[in-house]
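Asker: Prediction below, plus the sequence it came from.
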Amino acid sequence: MSNDAATGTPTLDGPRQEPPAHGLGASLPPADARAKTEGTFPYAADLWAEGLLWAAILRSPHPSARIVSIDTTAAAEMPGVRAVVTHEDVPGDSAYGRRVADRPVFASEVVRHHGEAIAAVAADHPDTARMAAAAIAVEYEVLDPVTDPEKAFAAEPLHPDGNLIRHIPLRYGDPGVQGEIVVEGLYRIGRQDPAPIGAEAGLAVPRPDGGVEIYTASTDPHTDRDLAAACFGLDPERVKVVVTGVPGATGDREDPGFQIPLGLLALRTGCPVKLAATREESFLGHAHRHPTLLRYRHHADSEGRLIKVEAQILLDAGAYADDSSESLAAAVAFACGPYVVPHAFIEGWAVRTNNPPSGHVRGEGAMQVCAAYEGQMDKLANTLGLDPAELRLRNVLATGDILPTGQTVTCPAPVAELLRSVRDFPLPALPKDTPEAAWLLPGGPEGAGEPGAVRRGVGYALGMVHMLGAEGADEVSTATVKVHDGVATVICAAVETGQGFSTLARQIVQETLGIEEVHVASVDTDQPPAGPAAHGRHTWVSGGAVERAAKMVRTQLLQPLAHKFGMSTELLQITDGKITSYDGVLSTTVTEAMDGKELWATAQCRPHPTEPLDEAGQGDAFVGLAFCAIRAVVDVDIELGSIRVVEMAVAQDVGRVLNPAQLATRIEAGVTQGIGTALTENLRTTRGVVRRPDLTGYALPTSLDAPDIRIVKLVEERDVVAPFGAKPASAAPVVTSPAAVASAVRAATGRPISRLPIRPQAAVAVAGA
């Protein structure tokens, strides 16, 4: 596939084909598109209940301190306050964590990061709740925070588990090998926030049996239920998580640090309690992308072929572990990128500091190393006097090659094809070639610079991500498909986060059963678990479960007809709601064949197992891989250092296009998120204290920052072990686009560009360059 040059919409190479009206391959719109467009779609912040109370959380103003005392008397005596809870009021486990239970529900003896929860209040009005929280008197003994991850190794332990969360030493090949050409680099990646368009919100409702129901935008409801139940001291069956609309999710939602206090207050008061976080509370309360320090040394021969890569990767986990172990595994495993490297020696660490907590954000681990290894490839090309694209082509990975982890690449890996596609795509016209076009200076149409100071740069980047969980994670999902009166219903606890699962589920059933009207049930924890919405897993495992269940229903539907006419079900087909035989003898509708019956089936999908990386960083840790190539074109004012991204040309390994319009949207969103990483997004701190935790201080890219995004190639080489052969869509461009922008800025300015986001002073060209 490629894109229509005028519209940017992906189209099949060659003669245009009319897309199907429904089923796989159709651009079926989301069922909730109209409601979301009109603003009538219900999110957690819109929920209401009779007798509703409002919650507020008191957070620490210090990144590191001992708690001397907590006095809630003044807060509890305020009119309208119904409950105040601290660590003393947690009836079950005092700490939680999706991977490691190291994060307290409420700080008790020490505070480990700015914004850590100290107490929570329920009151009859949101303003009352906030004033009561502010009235809680906490006496702190302020400590010097550990904010430099390099100093965390020798610092006093910040946590009973120590400061080192994980160390991975990867050893592959001969350590004594040296290359004729050696280039080194030090790279720093900032703290990107998921910055969901809707901040965290939830409603907790107590149940008559002493349990509680939590209505929230969770992306992993069963895990969130289990964590909350353990802290409540309840059996999981007495806690129910109901998933509301998800207002944006490029990381885990909702953080249990919001859900658990909410549930505790509902249990304490016996009333429904609602929490709607402010933007500041959102920034302080959830996890961010790991800030990362990377040191690299690349060895190559005189022809530019890689010989050895040496790297040290240090992830700043912040105060708690969260998913730092998994992020580190991805960073170490992909430290060399989608290139053939005969010898690799990588050291990776994830450490605790008093900085804000880090966790899962789309492309975790892989994005940080991509920025570094592509910076190294640009240095090699410059040292050797080679075209940057040509140098990359001499080293690209292909199916059958071996990763530095020792795992053989068995999935399609068309990396060379992707790179050639973006390299050969026509470059955008220079402003002087289109005099009728307004000259948009970097910095905007009213930019203060001079056109004569603007330089254009073209850069390349190749990225890779893994699909599903890794290192032995049990990836399984369950789905049920029911059909009655010509209408199909899908029941699956896979959360629709904007990735399009609900639309895909409808398409799968349409394709398999020929039924046009398909509904997807809302998600709650009464359904069997489907796992988290990350790494494209719902397209694979949840989509696979839906397909298997739909095929089982198909067999139930066709078997009586096949038996009646003395033929195999394989000789019958369902198209547009009609069942026909190969010879035309049988022709009936699905509704007639159902004859008022209800058919249903439940199925699971579980991919082949993986294994943890061993003590040398070796092992088959990943189910599959996806690849992306991007060519960035930028204009840089070399006097002011302002940058305008002109165009991003994208070629991606997608396996199979299941919904063309939806796929294009996912790629465009991923590229735009990556541009934010490259140019503007960095949650800044001063000695551990977050500076300006709002959308004024944290600059997200807007529509004015989004360049022309050209999807020039979508390689449809199906992965035979994946249901439908499809691969994840949005993580790969998120990983690749920051490195591509940095590469283009290097080309425009001649500066090394070793830090993301790129500071204006870094993009000012050296005099005489």
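Answerer: That came in fine, so what should we check first? As the structure is a prediction and not an experimental result, all values here were calculated from the model.
Asker: Ile181 reaches Thr383, doesn't it?
Answerer: Yes: between Ile181 and Thr383 there is a contact under C-beta atoms under 8 Å: 5.8 Å. Placement of C-beta: from N, CA and C, glycine included.
Asker: Return the per-residue confidence for the residue nearest to Gly359 when sequence neighbours are not counted.
Answerer: Spatial nearest neighbour of Gly359, chain neighbours left out: Ala287 (2.7 Å); criterion: C-beta to C-beta, 6 or more residues apart in numbering. At Ala287, the predicted lDDT confidence score is 92.
Asker: now Leu714
Answerer: 96.
Asker: Pull the number of nearby residues for it.
Answerer: 27 (other C-beta atoms under 10 Å).
Asker: what about it, which helix or strand?
Answerer: Secondary structure from DSSP states H and E places Leu714 in strand 708-715.
Asker: and that strand, which strands flank it?
Answerer: strand 643-653 (parallel) (DSSP bridges).
Asker: model confidence over the strand it pairs with, on average?
Answerer: Strand 643-653 comes out at a mean pLDDT of 96.
Asker: quick check, distance from that strand to the centre of its chain.
Answerer: Centroid displacement of strand 643-653 relative to its chain, using C-alpha atoms, centre = their mean, to the nearest Å, is 20 Å.
Asker: before we move on, back to that, next SSE downstream of the strand holding Leu714?
Answerer: Next along from strand 708-715, by DSSP H and E: helix 731-749.
Asker: and the nearest residue to Pro693 once chain neighbours are set aside, what element?
Answerer: Nearest non-adjacent residue to Pro693, counting by C-beta to C-beta, 6+ apart: Phe283, 3.6 Å away. Element membership for Phe283, per DSSP H and E: helix 279-285.
Asker: Would you mind confirming that Pro63 is in contact with Val689?
Answerer: Yes: with contact defined as C-beta under 8 Å, Pro63 and Val689 form a contacting pair (6.0 Å).
Asker: Among those two, which residue is more densely surrounded?
Answerer: Pro63 (29 against 19).
Asker: got a list of what that one touches?
Answerer: By C-beta atoms under 8 Å, 6 or more residues apart in numbering, the contact list for Pro63 reads 111-114, 145, 147, 354-355, 685, 687-689.
Asker: where does it fall, helix, sheet strand or coil?
Answerer: coil (DSSP: H, G, I helix; E, B strand; the rest coil).
Asker: can you check the one 3 residues further on too?
Answerer: With three-state DSSP as the basis, the three-state label of Arg66 is strand.
Asker: shouldn't it be in contact with Leu143?
Answerer: Yes: judged on C-beta under 8 Å, Arg66 makes contact with Leu143 at a distance of 6.6 Å.
Asker: okay, these two: which has more neighbours?
Answerer: Set side by side, Arg66 and Leu143 show more neighbours around Leu143, with 17 against 13, by other C-beta under 10 Å.
Asker: residues touching the more buried one, list them.
Answerer: 62, 64-66.
Asker: need these in CSV with distance to Thr665, can you?
Answerer: Shown next, in CSV, are the contacts of Leu143 (distance: C-beta to C-beta, whole Å):
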residue, distance to Thr665
His62, 42
Ser64, 43
Ala65, 45
Arg66, 49
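Asker: Can you flag the buried ones in the residues you listed?
Answerer: 62, 64-65 (16 or more other C-beta atoms under 10 Å).
Asker: just those residues now: which is nearest Lys36?
Answerer: Ranked by distance to Lys36 (C-beta to C-beta), the buried ones among the contacts of Leu143 are led by His62 at 39.8 Å.
Asker: and the closest one, what does it touch?
Answerer: Here His62 is in contact with 111, 114, 140, 142-143, 145, 689 (C-beta under 8 Å, 6+ apart).
Asker: what's the strand holding Leu714 in contact with?
Answerer: Identification of contacts with strand 708-715 by C-beta under 8 Å, 6+ apart yields 1-3, 5, 8, 10, 412, 414, 417-418, 421-422, 425, 428, 646-654, 657, 663-664, 667-668, 671-672.
Asker: Now that we have the residues you listed, which of them are buried?
Answerer: 1-3, 10, 412, 414, 417-418, 421-422, 425, 428, 646-654, 657, 663-664, 667-668, 671-672.
Asker: Just the ones in helices from those, please.
Answerer: Residues of the buried ones among the contacts of strand 708-715 located in helices (DSSP state H): 417-418, 421-422, 663-664, 667-668, 671-672.
Asker: Met464 should be in a helix, yeah?
Answerer: No: going by three-state DSSP, the assignment for Met464 is strand, not a helix.
Asker: I'd say it and Leu625 touch.
Answerer: Yes: look at Met464 against Leu625 with C-beta under 8 Å: they come within range, at 5.6 Å.
Asker: Of the two, give the one with the bigger neighbour count.
Answerer: Counted by other C-beta under 10 Å, Met464 and Leu625 do not tie: Met464 has more neighbours, with 29 against 24.
Asker: Can you tell me how far that one is from Cys231?
Answerer: The gap separating Met464 from Cys231 is 37 Å, by C-beta to C-beta, to the nearest Å.
Asker: And Ala661, by the same measure?
Answerer: Counting by C-beta to C-beta - Ala661 and Cys231 are separated by 42 Å.
Asker: neighbour count winner among these two?
Answerer: Neighbours were counted for Ala661 and for Cys231 using other C-beta under 10 Å; Cys231 has more, 25 against 16.
Asker: And the one helix or strand that one maps to, what does it pack against?
Answerer: Following DSSP H and E, one finds Cys231 within helix 221-232. Contact here means 3 or more C-beta pairs under 8 Å, 6 or more residues apart in numbering; DSSP states H and E; on that basis helix 221-232 packs against strand 95-96, strand 212-216, strand 239-243, helix 256-269.
Asker: mind redoing it with 6 Å?
Answerer: strand 239-243, helix 256-269 (3 or more C-beta pairs under 6 Å, 6 or more residues apart in numbering; DSSP states H and E).
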